[in-house]
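What shape does this take:
(chains A and B)
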Amino acid sequence: MLRISLAAERLWTLWGFPISNALLTTWIVMAVLIVFGVAATRKMSMIPGNVQLVAEMIVGGLYDFFNSIAGSFVGQFFPIIGSLFIYILLANWIGLLPGVGTIGFYRALEQGTSPEFIPLFRGSMSDLNTTIALALVSVVAMQYYGFKNLGAHYGKRFINFKDPIMSFVGILEIISDLSKVISFAFRLFGNIFAGEVLLAVMAFLMPFIVPLPFLFMELFVGLIQALVFSMLTTAFFTIAVSHEE
Amino acid sequence: MEQLGIEPKLLIAQLINFAIIVVVLQKLLYKPILDMLNKRKKEIADGVAMTESMRVEEEKFKLKQEKALEKAREDAMEIIEDAKKQAKEVEKELVADAHTQAGAIIARAKAEAEEVEKQAQVSLRKEAIALATTMAERLLSSVMTAKEQHAYIAKRVKDLESWSNRL
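Residues are numbered from 1 along each chain as shown, chains lettered A, B, ... in the order given. Take a look at the predicted model:
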C-alpha cells in the first residue's frame, strides 16, 4: 500500500544526530552545487568554455533579473537571493529524479510493527525543516539588511510611540514579519510535498505514461516555487532597506 | 510538531547547510563569474570607445585630407590661370612684334620698289632720249644743215624734257 508521510524519515542516528532522507538529499544538492561551482570557475577565461558559459548565463541572468527588483542593493542581496533560487530549484528538480522516494529499504518503525518502506532520498523542500530554515534565513536577513542600511531608524518600523496608530502598526509589522516565516515555509513545503504526493499517487494508480504530464508540471512548479521564494525575499529585502515611517 | 517532522537539530543542520551553500557559492561561483562578466563588459566598453575614437580620428583625417586636396586643386587652378595669363601676354607681345616686323618689311619693300621704279624711269628716259637723238640725227642729216640740226634737236630735247616731266 502507498505510504505518505508528512515528516522526513529518519535513516540513521550519528552520535545522537538524526540523519533524515531529506538531509541526505540536501547534501547531494550541496555536492552538485559545489562541484558545478568548482568546474565552472576552475579555468576562467575571457572566452568561456561550456561549463563557464552555463554558469555565466545562470549567474549573470539571475543578477540582472534581481537587479530589476532590488536596483542598487542587488550587490548586497545577491549572495542570499541567488543561492535561494539556485538551491531551491536544484533541490526541487533533484527531488523529481527517478529513485528519489523509490529507492530505500524496509524497516520496522516501532518494535512489534511490521516493516515499512523507508526511502533513501526525499526532496529537500518536502521537509519542513528545510523550508523553515530557508524562511528563517529570509526573514532574519531582511532585518539585518534593514538595520544595516537604515540603522536604528529601521527599528521605528516595529516600535514607534509617535502616535497610537503607528504603535499599533508596529505591532502589526512584527506579526507580519513573523507570519512571513510560516507563509514562506509552508508555501514552499506545501507545493513541493503536494507535487510529490500527486506523482506518487499517479505512479501508484497508473505507472506508465499518465504520470508524465504531471512530472512536467512538477518541473514547472519547482521553477515557479524557486522564483516565488527568491522574488518575494528580494521584494521584502528591498522594502526593508527603503523603509520610511 | 512531531507529526510535521519539525526537529530542531535537523532545522539547525539545514540552516548550517544553507549558510555553507551561500558562502561556498559566493566564493566559488558568484564572485569569480560576476568579476569576469564585469571585466568582459569593461573590455567591450573599452573596445567600443576605442573604435569610436578611431572613427572620429578617421573622420578628422578624411576632412583634413579633403581640405588638403581642395587646397591643392585651388593652387593648381591658380597656377593654370597664371600660366594662361602669361601665355596670353606672350602671345600678345609676339603678335605685336610680328606686326611691327611685318610693317617694317613692307615699308622697306615699298621703298625698295619705289627706288627701283625711279631708277627704271631714269634709265628709260635716258635710253629714249638717246634713241630719239640718234633717230633725229639720222633723219635730219639728210635735210638740214648741221646748224639747223642742232637748233631743231635742242628744241625737241626741250619738248621731250617737258613731256617726260609730265609723266
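
How about residues contacting the worst-scoring helix or strand of chain B on mean pLDDT?
The weakest-scoring helix or strand in chain B, judged by mean pLDDT, DSSP states H and E, is helix B:146-166 (a mean of 79). Helix B:146-166 is touched from outside by B:125, B:128-129, B:132-133, B:136-137, B:140-141, B:144, with contacts defined as CB atoms under 8 Å, 6 or more residues apart in numbering or on different chains. In short, each C-beta sits where N, CA and C put it, glycine included.

Confidence-wise, which of those comes last?
Across the set of these, residue B:140 stands lowest in pLDDT, at 70.

Closest residue of chain B to chain A?
Of all residues in chain B, the one sitting closest to chain A is residue B:5 (2.4 Å; CB to the nearest CB).

Now do the contacts for that residue.
By CB under 8 Å, 6+ apart, the contact list for residue B:5 reads A:5-8, A:20, A:127-129.

Leaving aside the residues adjacent along the chain, what's closest to it?
Of all residues not flanking residue B:5 in the chain, residue A:7 sits nearest, at 2.4 Å (CB to CB, 6 or more residues apart in numbering or on different chains).

Tell me the secondary structure of the one you found, please.
The three-state label given to residue A:7 by DSSP: H, G, I helix; E, B strand; the rest coil is coil.

And for residue A:112?
Assignment for residue A:112 (three-state DSSP): coil.

follow-up on the earlier one: roughly how far is the least confident helix or strand of chain B from the heart of the chain?
77 Å (CA atoms, centre = their mean, to the nearest Å).

Pull out the buried positions in it.
B:149, B:153 (16 or more other CB atoms under 10 Å in any protein chain shown).

and if you look at stretch B:117-128?
residue B:125.

hey, C-alpha coordinates of it in PDB?
Extracted in PDB, the C-alpha atoms of stretch B:117-128 (Å, rounded to 0.1, in the frame of the first residue of the first chain):
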ATOM      1  CA  GLU B 117      60.900 102.300-110.200                       C
ATOM      2  CA  LYS B 118      62.700 105.600-110.100                       C
ATOM      3  CA  GLN B 119      65.900 104.100-111.400                       C
ATOM      4  CA  ALA B 120      63.900 102.400-114.200                       C
ATOM      5  CA  GLN B 121      62.300 105.700-115.200                       C
ATOM      6  CA  VAL B 122      65.600 107.500-115.300                       C
ATOM      7  CA  SER B 123      67.300 104.800-117.400                       C
ATOM      8  CA  LEU B 124      64.200 104.600-119.600                       C
ATOM      9  CA  ARG B 125      64.200 108.400-120.100                       C
ATOM     10  CA  LYS B 126      68.000 108.300-120.900                       C
ATOM     11  CA  GLU B 127      67.500 105.500-123.400                       C
ATOM     12  CA  ALA B 128      64.500 107.300-125.000                       C
END
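
Point me to the helix or strand that includes residue A:213.
Assigned by DSSP states H and E, residue A:213 belongs to helix A:211-241.
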